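Visitor: below is the sequence, then the predicted model.
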Amino acid sequence: MKKVIMTLISFLLFNMNNVFATPINDLERDDTAVGVISGSKNSMYYLETQTTDNLILGISYRDLRNDKSATDYYAQIRTDNDTLRVIVGNRISDSHSIGYLGGAVQSELADDLEGYASLIAGNGLQELQLGANYRLTDTSDLNINLSTLSGNKSSIGIGVSCKF
């Protein structure tokens with residue numbers, strides 16, 4: 001299994017492109033996650049914290065290098081079913097603000113491996129992300145994801161997050 005993961009990581013490192021959405025992290029109450037996802041044309045940094053049993057608040061910043069930068073302020077609300085979340089957010093890019101709604105689902109795929117899918121949509125914004133978080137340690141994860149943004153912009157990204 002580790003050989004497959006390392007092969008996939010190596011492949012992704014040579015094929016990275018724009019990365020847009022923040023990964024779906026599995027946090028506990030009062031946990032905070034800090035992460036970075038990198039691609040050949042951008043970098044993304046995020047901070048999120050689970051403030052109650054059902055509410056995660058976050059902020060992310062994307063430096064698209066050759067294009068605009070964007071900042072997202074968002075909330076993820078866990079439903080009674082721990083695998084489903086509602087996402088509410090606002091994306092600010094070049095003094096334009098776009099509110100969005102969406103959802104996410106996550107599930108354990110194997111030991112130390114969780115998969116997720118998220119979809120957000122707003123006025124002129126549609127974004128789908130499929131990804132997986134591989135637990136490196138109790139406090140750090142490796143994230144691999146595929147994102148599709150409106151306008152046929154697709155990307156593969158790899159990153160790491162630390163929880164404290």
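Guide: Thanks, I have it. Quantities reported herein were computed from a predicted structural model and do not represent experimental measurements.

Visitor: below-threshold pLDDT in this protein: ranges please.
Guide: 1-21, 39-41, 64-67, 151-152 (pLDDT under 70).

Visitor: centre-most residue in it?
Guide: residue 23 (1.7 Å; C-alpha atoms, centre = their mean).

Visitor: residues in contact with that one?
Guide: By C-beta atoms under 8 Å, 6 or more residues apart in numbering, the residues touching residue 23 are 35, 37, 116, 129, 131, 133, 143, 145, 159, 161. No exception for glycine: its C-beta is placed from N, CA and C like everyone else's.

Visitor: residue 157 is in contact with the first one, correct?
Guide: No: taking contacts as C-beta atoms under 8 Å, residue 35 lies outside contact range of residue 157: 10.9 Å.

Visitor: what do these two both touch?
Guide: Counting by C-beta under 8 Å, 6+ apart, the shared contacts of residue 35 and residue 157 are residue 143.

Visitor: the residue nearest to the centre of the chain falls within a helix, correct?
Guide: No: using DSSP: H, G, I helix; E, B strand; the rest coil, the assignment for residue 23 is coil, not a helix.

Visitor: what separates it from residue 96, distance-wise?
Guide: 24 Å (C-beta to C-beta, to the nearest Å).

Visitor: and the helices in this protein?
Guide: For the chain, helices defined by DSSP state H occupy the ranges 2-13.

Visitor: about what we covered before: which of the contacts of residue 23 sits closest to residue 122?
Guide: Of all the contacts of residue 23, residue 129 has the smallest distance to residue 122: 14.9 Å, by C-beta to C-beta.

Visitor: what's across from the closest one in the sheet?
Guide: residue 118, residue 147 (DSSP bridges).

Visitor: return the residues in contact with the closest residue in space to residue 159 that isn't next to it in sequence.
Guide: The shortest distance from residue 159 to any non-neighbouring residue, by C-beta to C-beta, 6 or more residues apart in numbering, is to residue 37 (3.1 Å). Neighbouring residues of residue 37 by C-beta under 8 Å, 6+ apart: 19, 23, 43, 44, 46, 143, 145, 157, 158, 159.
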